[in-house]
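Chemist: Please find the sequence and the predicted model below.
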Amino acid sequence: AQSVTQLGSHVSVSEGALVLLRCNYSSSVPPYLFWYVQYPNQGLQLLLKYTTGATLVKGINGFEAEFKKSETSFHLTKPSAHMSDAAEYFCAVRSTTDSWGKLQFGAGTQVVVTP
Amino acid sequence: EAQVTQNPRYLITVTGKKLTVTCSQNMNHEYMSWYRQDPGLGLRQIYYSMNVEVTDKGDVPEGYKVSRKEKRNFPLILESPSPNQTSLYFCASSRPGGNEQYFGPGTRLTVT
């Protein structure tokens, strides 16, 4: 069985500071990995994904994440936070053997950006 | 525009009154899914469908029904809603094996 753990349900960052959101997974086989963002009163939007290839993945809005197999982690970063980054962020995994795309989500991290 | 639509966006109802939340996608996706989002729990899958007339239970199916009579539509049915079904519901769709699920805008349901 797979599971996803996001450390920190709330993160507060200053505008211009580094954003770091932590995600660890538990799986017998490394899964596909995703980060989704949810802006207020909206659905989820894919930020980035790792399936195969380069372990450093770049996404939209200046975000990137690195898959570290040895640490079973897929942490999300952005060098400089912007006010528009205030949102809830979800890490998700999908088994590589699941052709039907079932996602397992973490509990989410709410990001607050202060001026 | 490629999109997943849900209706209604907001719904307040009373215990036991049957309701249906509709979901429609215009991307010809085979795979559709319903999730509920609760604080501290993230999104949990309720039901999913792999194609027309093919549905299966997700992680939290109790108290819900679904149907898939047409490829584009995947309604969520609550036959007898209870207060513990107060939640934010999302519909999503994707291609088989697709690495991106497309989410609807959500339906906020309150059961009193």
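Modeler: That came in fine, so what should we check first? Bear in mind the structure is a predicted one, so any value in this text is a computation, not a measurement. Residues are numbered from 1 along each chain as shown, chains lettered A, B, ... in the order given.
Chemist: going forward, measure contacts and count neighbours with C-alpha atoms only.
Modeler: Noted.
Chemist: Would you mind checking which helix or strand in chain A has the lowest mean pLDDT?
Modeler: The helix or strand of chain A with the lowest confidence, counting by mean pLDDT, DSSP states H and E, is strand A:104-105 at a mean of 90.
Chemist: Tell me the pLDDT of the residue nearest to the spatial centre of chain B.
Modeler: For chain B, the residue nearest the mean C-alpha position is B:Trp34 (3.1 Å; Cα atoms, centre = their mean). The model reports B:Trp34 with a pLDDT of 96.
Chemist: My read is that it contacts B:Gln101, right?
Modeler: No - with contact defined as Cα atoms under 8 Å, B:Trp34 and B:Gln101 do not form a contacting pair (11.4 Å).
Chemist: and for those two, which residues touch both?
Modeler: B:Ala92 (Cα atoms under 8 Å, 6 or more residues apart in numbering or on different chains).
Chemist: Can you spell out which residues form a bridge with B:Ala92?
Modeler: B:Ser33, B:Phe103 (DSSP bridges).
Chemist: Tell me the secondary structure of the spatially most central residue of chain A, please.
Modeler: The centre of chain A sits closest to A:Trp35, judged by Cα atoms, centre = their mean, with a distance of 3.3 Å. Look at A:Trp35: counting by DSSP: H, G, I helix; E, B strand; the rest coil, its state is strand.
Chemist: quick one: pLDDT of it?
Modeler: For A:Trp35, pLDDT reads 97.
Chemist: give me every residue that touches it.
Modeler: A:Trp35 neighbours (Cα under 8 Å, 6+ apart): A:46-49, A:76, A:89-92.
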